[in-house]
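**Student:** how would this look folded up:
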Amino acid sequence: MTDRRSRTAPRRPSGRTRRITPRTHWLLLCVLVVTLSAALLLQGYTHHMFGITSDDVTGPRGRADTVPGRVADGGPVIADAAGAPHTARPKARTIALTFDDGPDPVWTPRILDVLRRNHVQATFFVVGTEVVDHPELVRRIVADGHQIGIHTFTHPDLSRLAPWQRSLELRETQLAVAGAAGVTTALLRPPYSSENDALNDADWSVLEQAGAAGYVTVLTTQDAQDWQRPGTARIVANATPHGTAGQILLMHDGGGDRSQTVAALNTLIPRLKAQGFRFATVGAAVGMAGPVQRAGLGDHLQGMALIGLLRAGDWVVRLLGFLMFAAGAVSVLRAAVVLFTARRHRRLRKGHRAEPWGAPVTERVSVIVPAYNESAGIEAAVRSLLASDHPVEIIVVDDGSTDGTADLVESLGLPGVRVIRQENAGKPAALNTGLAAAGCDLVVMVDGDTVFEPGTVRTIVQPFADPRVGAVSGNAKVVNRGGLLGRWQHIEYVVGFNLDRRLFDLAECMPTVPGAVGAFRRRALLALGGVSDTTLAEDTDLTMALCRAGWRVVYEERAVAWTEAPASLNALWRQRYRWCYGTLQAMWKHRGALLQRGAAGKLGRRGLVYLLLFQVLLPLLAPVVDVFAVYGLIFLDPLRITALWLAFLLLQLLMGLYAFRLDGERPGPLWSLPLQQFVYRQLMYLVVIQSVFTAISGSRLRWQRMERYGSLPATALAPASAPASVPAAARTSGEQPVP
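**Tutor:** Here you go, the predicted model:
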């Protein structure tokens, strides 16, 4: 039967406004990711590339052909190494106490207290990363009259670095000191250095480069070896001079437990003073004029900026670590809950296999097929509906198609099929037209790119035996599973959508009855005023409205429909963009459910919170988590990060295996799950980001129709069979859903 009226329901505004796609957010996102990556790169380099280790310099010395003899045999303070190098020694009976690897928040203040009590000035060779973390200690060192020297930024072996890295290490440390205490210093002690005669050619190249930059290198003449923590008595013995020659004594105020150093100083300083030794800074011990100067305004400001940037990086890393942990914990909790509820859902349905809802529903059903340019698949869809083993009337609402969709359906001359033509007004208007023309109280809505199995209509209406049920969600399956993109969507439909629907079913908070396969009570829809066109996800909007009206919405996994999925990334993007944006619209529209009671309250406090957490917030965090994961692989523990990723992948695989078993699917496509994490997942969270920015900007997104490929079969399905285009593995009897 054909109805050529333009429409049988009042025309609603289509809601199609000019598409305004915000672009600045992509620039903002790129800037954010680049800034975050740069901050993490700097933070990782400065905190994890090298790090403080012991000052043990044992091992092969290496060739020393380029080390000048007057340096190898000279004093420990070396100036003008790049030109005409000369050295200096401390004056007789003069001890220059030097401390490396600080400042440390525990031990540096204690050492400073000992020095203050004994009226001794010393020289502290500071590590840049520690300066950034504890700038107040650098200020105290300077305020107490001690000298500052630099000990590089990350404590690497400078002889193993490229020249540009050496310059970076020295410059960053100098800026950190300038930012922390407002001073600059000419004193340098390379990490892992010792006495003059230990210099080799590689070491000398470092000293030459440092000398060209204006630094004076300070080596040692005596090592207390406190880094070995041999005991207080041994440290005192190692630090006591043999004779009256002046010494530059190496000790440590950072890099580990320095309690023995503090105890040794309390004994050493009074003892050496009693023996006639005096203590001085390096500059005073060798007669150097003003190695520490007030920093210029530019260096001070740059130093403050460097400290601020690195401290912010530390805070960001801690925050990201917390967020990553929280996201992982929430994801694991979600997996556990979803698997538990899926198992419980299956057991409940299995326990009521014969008549789970009550007496069988046998009344006739109106099937509404909204169609806009569906000529590629409309014949297969209509013929599959006619092959139903349940009495149906089929209403095809042609929404102003330009490809002859209506003519094609009419030309088939199929009994029980009515075509209604209307001007193009949008899918909600087409559904309302079909709803007004429907002659049955139960209606099934199906997209024009979807085919039903013979028992789908009968199965999907059985829950209406319960008078509390207002809508039923069916089980949509992907028909075009070829290629990686098809497999990934197949996995998403089975694992993501259907497991979630089982959870929503048990929690009585189903947020969406899919447009591809859903059944409704006609009177419930009419009481709502029909299908609203205020959102782009009319199915989600309608389902939430039914829940808020007190109706129960359930999931019937045995009501199987086969639908076309996007076959290109561009088509997938447009489809998911519309879905996600429309879902956000529906969530905002029905936010009042959060404060309601009854069925509406369940939707609000269960369904909406779940959607917000797992479909909005977690995807928004995904780029940050990915960046931090790369950071962990490079700078932290790659084995641990890899193990965590593999554990997460294993959890997803287990979920996939169980979901495929529940749905009667063969697990073969799950081999592509690891690859899905590197392409498909990123595309999905970019969709969420785009949708959120579109919503925040107040832009309206127009309807984006998916391209049809004609992959549905051209003839009606035989009973208990799948579409001819479904892979052979999916056409076996094992493909039937598990009750």
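**Student:** make it CA atoms for all contacts and neighbour counts henceforth
**Tutor:** OK.
**Student:** Please verify my assumption that V625 contacts F325.
**Tutor:** No. The criterion here is Cα atoms under 8 Å, and V625 misses it with F325 at 9.7 Å.
**Student:** neighbour-wise, which of those two wins?
**Tutor:** V625 (20 against 13; other Cα atoms under 10 Å).
**Student:** Now that one, what are its backbone angles?
**Tutor:** phi -60, psi -40 (degrees, to the nearest 10).
**Student:** which residues does it contact?
**Tutor:** 320, 323-324 (Cα atoms under 8 Å, 6 or more residues apart in numbering).
**Student:** just A524 next, same as before
**Tutor:** A524 sits in contact with 470, 546, where contact means Cα under 8 Å, 6+ apart.
**Student:** Just the buried residues of the host helix or strand of it, please?
**Tutor:** Element membership for A524 (DSSP states H and E) is helix 522-527. Residues of helix 522-527 classed as buried: 522-525 (neighbour count, 16 or more other Cα atoms under 10 Å).
**Student:** Nearest spatial neighbour of G102, chain-adjacent residues omitted?
**Tutor:** Of all residues not flanking G102 in the chain, G254 sits nearest, at 4.3 Å (Cα to Cα, 6 or more residues apart in numbering).
**Student:** give me the number of residues near P415?
**Tutor:** 10.
**Student:** Please identify which helix or strand holds it.
**Tutor:** Per DSSP H and E, there is no helix or strand for P415.
**Student:** would you turn the buried residues of helix 522-527 into CSV with pLDDT and distance to A233?
**Tutor:** Shown next, in CSV, are the buried residues of helix 522-527 (pLDDT from 0 to 100; distance: Cα to Cα, whole Å):
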residue, pLDDT, distance to A233
R522, 96, 93
R523, 96, 93
A524, 96, 89
L525, 96, 89
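**Student:** Nearest to D201 among those residues?
**Tutor:** L525 (86.5 Å; Cα to Cα).
**Student:** Correct me if wrong: that closest one contacts V531.
**Tutor:** Yes. If you go by Cα under 8 Å, L525 and V531 touch, sitting 7.2 Å apart.
**Student:** Looks like the residue nearest to G102 contacts I111 (just checking).
**Tutor:** No. Applying Cα under 8 Å, one finds G254 not in contact with I111, separated by 10.4 Å.
**Student:** Remind me what the longest helix along the chain packs against, helices and strands.
**Tutor:** For the chain, the longest helix by residue count, based on DSSP state H, is helix 297-351. If contacts are counted by 3 or more Cα pairs under 8 Å, 6 or more residues apart in numbering; DSSP states H and E, helix 297-351 sits against helix 24-48, helix 128-133, helix 163-181, helix 498-507, helix 618-635, helix 638-662.
**Student:** most neighbours per residue, which of these?
**Tutor:** Most buried of the helices and strands packed on helix 297-351 by mean neighbour count (mean count of other Cα atoms under 10 Å) is helix 128-133; its value is a mean of 24.
**Student:** what sits up against it?
**Tutor:** 46-47, 102-104, 137-138, 150-154, 172-174, 176-177, 180, 307, 310-311.
**Student:** returning to that earlier point: just the CA atoms of the helix holding A524, as CSV, please.
**Tutor:** Extracted C-alpha coordinates of helix 522-527, given in CSV (Å, rounded to 0.1, in the frame of the first residue of the first chain):
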residue,chain,number,x,y,z
ARG,A,522,3.1,4.0,20.8
ARG,A,523,1.0,5.5,23.6
ALA,A,524,4.1,6.2,25.7
LEU,A,525,5.7,8.1,22.8
LEU,A,526,2.6,10.1,22.0
ALA,A,527,2.4,11.1,25.7
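**Student:** from the middle of its chain, how far away would the helix or strand just after that helix be?
**Tutor:** Using DSSP H and E, the next helix or strand after helix 522-527 towards the C-terminus is helix 538-548. Centroid separation for helix 538-548 versus its chain: 31 Å, with Cα atoms, centre = their mean, to the nearest Å.
**Student:** rounded to a whole number, what's the mean pLDDT of helix 538-548?
**Tutor:** Taken as a whole, helix 538-548 has an average pLDDT of 95.
**Student:** now do stretch 613-627
**Tutor:** On average, stretch 613-627 scores 83.
**Student:** about what we covered before: I'd like the helices and strands packed on helix 297-351 as JSON lines, with distance to V120 appended.
**Tutor:** Output for those, formatted as JSON lines (distance: least, Cα to Cα, whole Å):
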{"stretch": "helix 24-48", "distance to V120": "32"}
{"stretch": "helix 128-133", "distance to V120": "22"}
{"stretch": "helix 163-181", "distance to V120": "20"}
{"stretch": "helix 498-507", "distance to V120": "71"}
{"stretch": "helix 618-635", "distance to V120": "40"}
{"stretch": "helix 638-662", "distance to V120": "46"}
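**Student:** My reading is that the residue nearest to G102 lies in a helix. Confirm?
**Tutor:** No. Going by DSSP: H, G, I helix; E, B strand; the rest coil, the assignment for G254 is coil, not a helix.
**Student:** what about it, distance to G214?
**Tutor:** Computed as Cα to Cα, to the nearest Å, the G254 to G214 distance reads 26 Å.
**Student:** swap in A329?
**Tutor:** 52 Å.
**Student:** Which one's more surrounded, these two?
**Tutor:** More neighbours surround G214 than the other of A329 and G214, with 17 against 12 (other Cα under 10 Å).
**Student:** Could you verify my assumption that the more buried one touches D80?
**Tutor:** Yes. In this structure G214 lies within contact range of D80 using Cα under 8 Å: 7.5 Å.
**Student:** And the pLDDT at the closest residue to P190 other than its chain neighbours?
**Tutor:** What sits nearest to P190 in space, not counting adjacent residues and going by Cα to Cα, 6+ apart, is H151, at 5.8 Å. Listed pLDDT for H151 reads 96.
**Student:** what about H151, how many residues close to it?
**Tutor:** Neighbours of H151 using other Cα under 10 Å come to 26.
**Student:** list the contacts for it?
**Tutor:** 100-101, 125-128, 173, 188-191.
**Student:** is it possible to export those to CSV including distance to A162 and pLDDT?
**Tutor:** Converted to CSV, the contacts of H151 look like this (distance: Cα to Cα, whole Å; pLDDT from 0 to 100):
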residue, distance to A162, pLDDT
D100, 23, 96
D101, 22, 94
F125, 22, 97
V126, 22, 97
V127, 19, 95
G128, 19, 93
T173, 17, 95
L188, 18, 97
R189, 18, 97
P190, 15, 96
P191, 15, 94
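**Student:** Looking at those, which one is closest to A264?
**Tutor:** Set against A264, the nearest of the contacts of H151 by Cα to Cα is D100 (15.9 Å).
**Student:** count of neighbours near that closest one?
**Tutor:** By other Cα under 10 Å, 22 other residues sit near D100.
**Student:** Just confirm it contacts L250, I think it does.
**Tutor:** Yes. Look at D100 against L250 with Cα under 8 Å: they come within range, at 7.5 Å.
**Student:** so what sits against both of the two?
**Tutor:** Joint contacts of D100 and L250 (Cα under 8 Å, 6+ apart) do not exist.
**Student:** and Y555, what does it touch?
**Tutor:** 472-475, 501-502, 505.
**Student:** Can you classify Q260 as helix, strand or coil?
**Tutor:** helix.
**Student:** Which pLDDT value goes with it?
**Tutor:** pLDDT, read off for Q260, is 97.
**Student:** Next one: it from Y577, what distance?
**Tutor:** Taking Cα to Cα as the measure, Q260 falls 64 Å from Y577.
**Student:** can you check R640 too?
**Tutor:** Here the criterion is Cα to Cα. By it, R640 lies 35 Å from Y577.
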